[in-house]
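S.K.: pasting the sequence and the predicted coordinates here, then a few questions.
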Amino acid sequence: MSRLIAVAGATGYIGGRLVPRLLAEGNRVRVLTRDPSRLRDLPWGADVEAVTGSLEDPAAATALCEGAGVVYYLVHSMGGTGRDDFRERERACAENTARAAEAAGVGRIVYLSGLNPGRGLSRHLASRAEVGRILLGSGVPTAVLQAGLVIGSGSASFEMVRHLTDVLPVMPAPRWVLNRVQPIAVRDALHYLEAAADLPAHVNRTFDIGGPDVLTYAAMMRGYARAAGLREPAILALPVLTPWLAAQWVNLVTPIPRALAVPLVESLQNDCVVQEHGIAAYIREPEGGLTSYEAAVRLALGKIERGEVETTWAGSSALGAPSDPLPSDPAWSGATVYTDERTAASPADPARVWDVVEAIGGENGWYSFPLAWAARGWIDKLVGGVGLRRGRRHPQRLHLGDALDWWRVEALEPGRLLRLRAEMRVPGRAWLEMTVEPDGPGSVYRQRAVFLPHGLAGRLYWLAVLPFHGIVFKGMASRIVAAAEKGAASVEEGTR
């Protein structure tokens, strides 16, 4: 008889990879999500039971745990870099889960935390350690797996190393690049997580988990370069770069936004290596042994090249977040809403136009004034936004909730509609909507940019960018249909 496993954080980077493994083993899986529609395009979305809500709500925690034999706690807050309010939220979520799990008679809690160097903990690592203590004291047997940098396609740690190494042949760096770290391949972390569900009932403790290599962060960048076939960067450790300054540097040079760069950099201020290996007494290493760092890098790069990235840090951050409604005349009657609408007819059939629309962004670009898009992306990074360099998970296909440069896929009707919600820093809320409809033997492409300003700053912002819209959005519409027609002509010529 299959058992019921509950997963909090199922749409996160780790959770999104763990859930299909649990299902493949014949388990029934229940997940917690703020918006069940976000599960629609996940390969396993139809195979799980969804509970709507947040762990901040005791009722949602109770519904998640009811009847479950195992609860995976994979929830982490990476916000609140300016205040410690995230610690209060994490504490409340952990306490609600602990009470709900005990009341429901759950047999095991498995929590993925960070390696604990024992001193000088960053605020985020200290909060994770506190969550671990709360769960260990719940009365439910708990395994707290403490991992350092997780290396896999799409992980924040991997993307930070990757972009720093790809972009900078000579890197001025803070002294922490000489600190020792013990990364773990995502496949090995998942191996331990899966097996931890079957630990003996008396086990209630923390376990350090890590890969076979202990490296400095500088050695990790050089190892990445070797695995990627690049020239190894020259790294200059400078005492003047504070953690805050280093985080700003990471924000500018990599796709990692400031809100995530700060806690990542703060966690590297001390050596972060495995202190004990008690896990070996209960869980065997994966078949073939633990994955070396450079092997993990090669595996990650291979998945990126083949378009097989399962989850990413960018996609996981908002999958469970409620989306903003698109302003419409009835819903926003009386409010100020600015729009820019474009229409372009094309002899290309709708499927050809849609292929261009769905592949937009990332390496394919935005079909108009690339210098303006790049400049706007750099401005966004300078003010702490996500910028344009998040790219996209798959080169041709999108899914609901995917990150797409500085946008998020908010609505997706394959073949017909793509609506993107802006996640750049703007004084208001913005959307870009693209639709494709049949028109006789051809098609009509419609494009609508919508901006809901916040106060005077929002109105002034719209007026400032308005002159560029005639160039950017008009050119974008015409080039999208031109690209579809060019693709159709190439196919027709190839069949002659």
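M.R.: Here it is on my side, so go on.
S.K.: CA atoms for contacts and neighbours, from now on please.
M.R.: Noted.
S.K.: which residues touch residue 198?
M.R.: For residue 198, no contacting residues are found, by CA atoms under 8 Å, 6 or more residues apart in numbering.
S.K.: relative to residue 9, how far out is it?
M.R.: According to CA to CA, to the nearest Å, residue 198 and residue 9 sit 20 Å apart.
S.K.: for residue 64, same thing?
M.R.: To residue 9, residue 64 is 12 Å away according to CA to CA.
S.K.: more crowded one of those two?
M.R.: A count of neighbours by other CA atoms under 10 Å puts residue 64 above the other of residue 64 and residue 9, at 29 against 24.
S.K.: mind listing the residues bridging to residue 52?
M.R.: Beta-bridge pairing of residue 52 under DSSP bridges involves residue 33.
S.K.: touching, it and residue 35? I think so.
M.R.: Yes: using CA atoms under 8 Å, residue 52 is in contact with residue 35, at 6.4 Å.
S.K.: next, show the common contact partners of residue 64 and residue 9.
M.R.: Jointly contacting residue 64 and residue 9 under the rule CA under 8 Å, 6+ apart are 31-32.
S.K.: let me see the domain layout of this structure.
M.R.: 4-316, 338-495 (automatic domain parsing).
S.K.: let's have these in JSON lines, adding mean pLDDT.
M.R.: Output for the domains of the chain, formatted as JSON lines (pLDDT from 0 to 100):
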{"stretch": "domain 4-316", "mean pLDDT": "88"}
{"stretch": "domain 338-495", "mean pLDDT": "87"}
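S.K.: quick one, strands of the stretch 1-150 of the chain?
M.R.: 4-8, 28-33, 49-52, 70-73, 108-114, 142-147, 150-151 (DSSP state E, counting those that start in this stretch).
S.K.: of those strands, which is nearest residue 472?
M.R.: strand 28-33 (36.7 Å; CA to CA).
S.K.: centre of the chain to that closest one, how far?
M.R.: 19 Å (CA atoms, centre = their mean, to the nearest Å).
S.K.: give me the residues contacting that strand.
M.R.: 2-11, 19, 22-23, 47-54, 60, 64, 320.
S.K.: what's residue 392 in contact with, if anything?
M.R.: Residue 392 neighbours (CA under 8 Å, 6+ apart): 361-362, 402-405.
S.K.: so how far is residue 311 from it?
M.R.: Computed with CA to CA, the distance linking residue 392 and residue 311 is 11 Å.
S.K.: not counting sequence-adjacent ones, nearest residue to residue 180?
M.R.: Distances taken as CA to CA, 6 or more residues apart in numbering put residue 216 closest to residue 180, at 4.3 Å, once the chain neighbours are dropped.
S.K.: scan this protein for its longest helix.
M.R.: If you go by DSSP state H, the chain has its longest helix at helix 455-495.
S.K.: pull the number of nearby residues for the closest residue to residue 263 other than its chain neighbours.
M.R.: Distances taken as CA to CA, 6+ apart place residue 124 nearest to residue 263, at 6.3 Å, with adjacent residues excluded. Residue 124: 25 surrounding residues under other CA under 10 Å.
S.K.: and if you look at residue 194?
M.R.: Neighbours of residue 194 (other CA under 10 Å): 17.
S.K.: got the angle between the helix or strand that contains it and strand 142-147?
M.R.: Assigned by DSSP states H and E, residue 194 falls within helix 186-196. Computed by axes from the mean of the first three to the mean of the last three CA atoms, to 10 degrees, the angle separating helix 186-196 from strand 142-147 equals 170 degrees.
S.K.: and helix 186-196, what does it pack onto?
M.R.: The contact analysis (3 or more CA pairs under 8 Å, 6 or more residues apart in numbering; DSSP states H and E) places helix 186-196 against helix 15-24, strand 108-114, strand 142-147, strand 150-151.
S.K.: so which of the ones you listed gets nearest residue 230?
M.R.: strand 150-151 (18.4 Å).
S.K.: put the alpha carbons of stretch 192-206 into CSV.
M.R.: Extracted as CSV, the C-alpha positions of stretch 192-206 are listed here (Å, rounded to 0.1, in the frame of the first residue of the first chain):
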residue,chain,number,x,y,z
TYR,A,192,19.8,11.7,0.8
LEU,A,193,16.4,13.4,0.9
GLU,A,194,14.6,10.4,-0.5
ALA,A,195,16.3,7.9,1.8
ALA,A,196,15.8,10.1,4.9
ALA,A,197,12.1,9.3,4.7
ASP,A,198,12.9,5.7,5.8
LEU,A,199,15.2,6.4,8.7
PRO,A,200,14.5,4.5,11.9
ALA,A,201,11.9,6.0,14.2
HIS,A,202,14.4,6.8,17.0
VAL,A,203,16.5,9.0,14.7
ASN,A,204,15.9,12.7,15.6
ARG,A,205,19.0,14.7,14.7
THR,A,206,21.0,16.8,12.3
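S.K.: in it, what counts as buried?
M.R.: Going by neighbour count (16 or more other CA atoms under 10 Å), the buried part of stretch 192-206 is 192-194, 196-197, 199, 204-206.
S.K.: likewise stretch 467-481?
M.R.: Buried residues in stretch 467-481 (16+ other CA under 10 Å): 472-481.
S.K.: now for these: which two are most distant?
M.R.: The largest separation in the buried residues of stretch 467-481, counting by CA to CA, is between 472 and 481 at 14.6 Å.
S.K.: for the residue lying closest to residue 381 once chain neighbours are set aside, the count of nearby residues, please.
M.R.: Once flanking residues are discounted, residue 381 sits nearest to residue 387: 5.0 Å by CA to CA, 6+ apart. For residue 387, the neighbour count with other CA under 10 Å is 30.
S.K.: let me see the contact set for residue 387.
M.R.: 255, 257, 376-381, 405-406, 424.
S.K.: give me that answer again for 10 Å
M.R.: Going by CA atoms under 10 Å, 6 or more residues apart in numbering, residue 387 touches 251-252, 254-257, 373-381, 405-407, 423-425.
S.K.: for ChimeraX, write a command that selects the buried ones of those.
M.R.: This is the ChimeraX syntax for the buried subset of those, where burial follows 16+ other CA under 10 Å:
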select :251,252,254,255,256,257,373,377,378,379,380,381,405,406,407,423,424,425
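S.K.: ok, residue 101 touching residue 71?
M.R.: Yes: between residue 101 and residue 71 there is a contact under CA atoms under 10 Å: 7.7 Å.
S.K.: what sits in contact with each of the two?
M.R.: Counting by CA under 10 Å, 6+ apart, the residues touching both residue 101 and residue 71 are 64-65, 107-109.
S.K.: before we move on, the earlier item: the residue nearest to residue 180: how many residues sit nearby?
M.R.: Neighbours around residue 216, by other CA under 10 Å: 18.
S.K.: right, and it touches residue 181 too?
M.R.: Yes: counting by CA under 10 Å, residue 181 is a contact partner of residue 216 at 5.8 Å.
S.K.: which residues are in contact with both of the two?
M.R.: Among the neighbours of residue 216, those also in contact with residue 181 (CA under 10 Å, 6+ apart) are 271-272.
S.K.: can you show me the helices along the stretch 301-450 of the chain?
M.R.: Under the criterion DSSP state H, counting those that start in this stretch, helices of the stretch 301-450 of the chain are mapped to 313-316, 350-358, 370-382.
S.K.: if we can go back for a sec, the contacts of residue 392 in strands, which ones?
M.R.: Applying DSSP state E to these, the entries found in strands are 403-404.
S.K.: need the buried ones from the contacts of residue 392 selected in PyMOL.
M.R.: Selecting only the buried entries of those in PyMOL, with 16+ other CA under 10 Å as the criterion:
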select buried, resi 361+362+402+403+404+405
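S.K.: export the contacts of residue 392 to JSON lines and tack on distance to residue 155?
M.R.: As requested, these are arranged in JSON lines below (distance: CA to CA, whole Å):
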{"residue": "361", "distance to residue 155": "20"}
{"residue": "362", "distance to residue 155": "17"}
{"residue": "402", "distance to residue 155": "15"}
{"residue": "403", "distance to residue 155": "14"}
{"residue": "404", "distance to residue 155": "16"}
{"residue": "405", "distance to residue 155": "16"}
